[in-house]
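K.L.:
generate coordinates for the sequence data below:
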Amino acid sequence: MASTSSVKLIVYALDVLCTLLALVLISFGIYVAVSYNLNEIGQLTAYGYVGLGAAALLVVLWGYLSAWRENVCCTVTFIIFLCLVIIAQFAVVYLLITQEKTVASNLANALEATWEEELNSPGAMSLYQNWFQCCGRGSPQDYIVNERLPPETCFRNHDKSKPENLIHTGCRVEFENYWQHLTKIFNILALVLIGFELLLSVISCRLCNSIRNDARRSYF
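P.N.:
Residues are numbered from 1 along each chain as shown. Just a heads-up that it's a prediction; the model follows:
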């Protein structure tokens, strides 16, 4: 049978892992919220990732203090709140996964403002066009209907001398695919976090029993 100190070490290790994953999710959510001009659904998505991480961070801190104090009451309360947090997190992650395409589409709406800026100030789309090897909002035709020729960034290697170098893929599609791939990665990280939290709740139950047994033995 593992000693209380051994179980505490496992709890501390899981606390560290959960903390790191929580900080990653919080950082991603903050990055999305402050770096792009988002609509309401995009903002909710960003805040969702921040909420997932923040909830984990708070409850894990409580768990660390409970283990450090070796207090049965605090540990039991921690386990209860951890289970409630896990349920809430799973609900959020479920929505993020099932609405993955909708989320990606709304996050990609940030490109619309850049396209409007491109029409007024040529060159605004250069970042996206170089990054994703794309052209225009939906296709090079977007430039033509606005009485402009596609810029150099719409051509492979910026070589406008050959018509076949023109890139026909629009940036909106590529940007949506980018967000879909990125959110899929962070949804997996969120599920991994929930998995570690479930394991933490089980080990914390074991710790609680171990602390109680130590207290009983101290009476004899």
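
K.L.:
contacts only, for the most centrally placed residue in the chain.
P.N.:
What sits nearest the mean C-alpha location of the chain, by CA atoms, centre = their mean, is F186, with 4.0 Å. Contact analysis of F186 by CB atoms under 8 Å, 6 or more residues apart in numbering lists V24, L25, F28, Y49. All C-beta atoms are positioned from the backbone trio N, CA, C, and that covers glycine.

K.L.:
now L189
P.N.:
Contacts of L189 by CB under 8 Å, 6+ apart are L21, V24, L25.

K.L.:
and it, what pLDDT?
P.N.:
As predicted, L189 sits at a pLDDT of 97.

K.L.:
for it, what is the enclosing helix or strand?
P.N.:
helix 171-217 (DSSP states H and E).

K.L.:
state the pair within the contacts of F186 that is farthest apart.
P.N.:
Greatest spatial distance among the contacts of F186 (CB to CB): V24 and Y49, at 9.3 Å.

K.L.:
what about these two, which has more around it?
P.N.:
Shown here are V24 and Y49; by other CB atoms under 10 Å, Y49 has more neighbours (27 against 16).

K.L.:
burial count for the closest residue to that one other than its chain neighbours?
P.N.:
Of all residues not flanking Y49 in the chain, G29 sits nearest, at 3.4 Å (CB to CB, 6 or more residues apart in numbering). Around G29 there are 21 other residues, counting by other CB under 10 Å.

K.L.:
let me see the contact set for G29.
P.N.:
Per CB under 8 Å, 6+ apart, neighbours of G29: A46, Y47, G48, Y49, V50, G51, L52, G53.

K.L.:
can we see that at 6 Å?
P.N.:
Going by CB atoms under 6 Å, 6 or more residues apart in numbering, G29 touches A46, Y49, V50.

K.L.:
what's the distance between it and L84?
P.N.:
G29 is 21 Å from L84, where distance means CB to CB, to the nearest Å.

K.L.:
for F90, same thing?
P.N.:
11 Å.

K.L.:
the two: which is more packed in?
P.N.:
Taking neighbours as other CB under 10 Å, F90 and L84 compare with F90 leading, 16 against 12.
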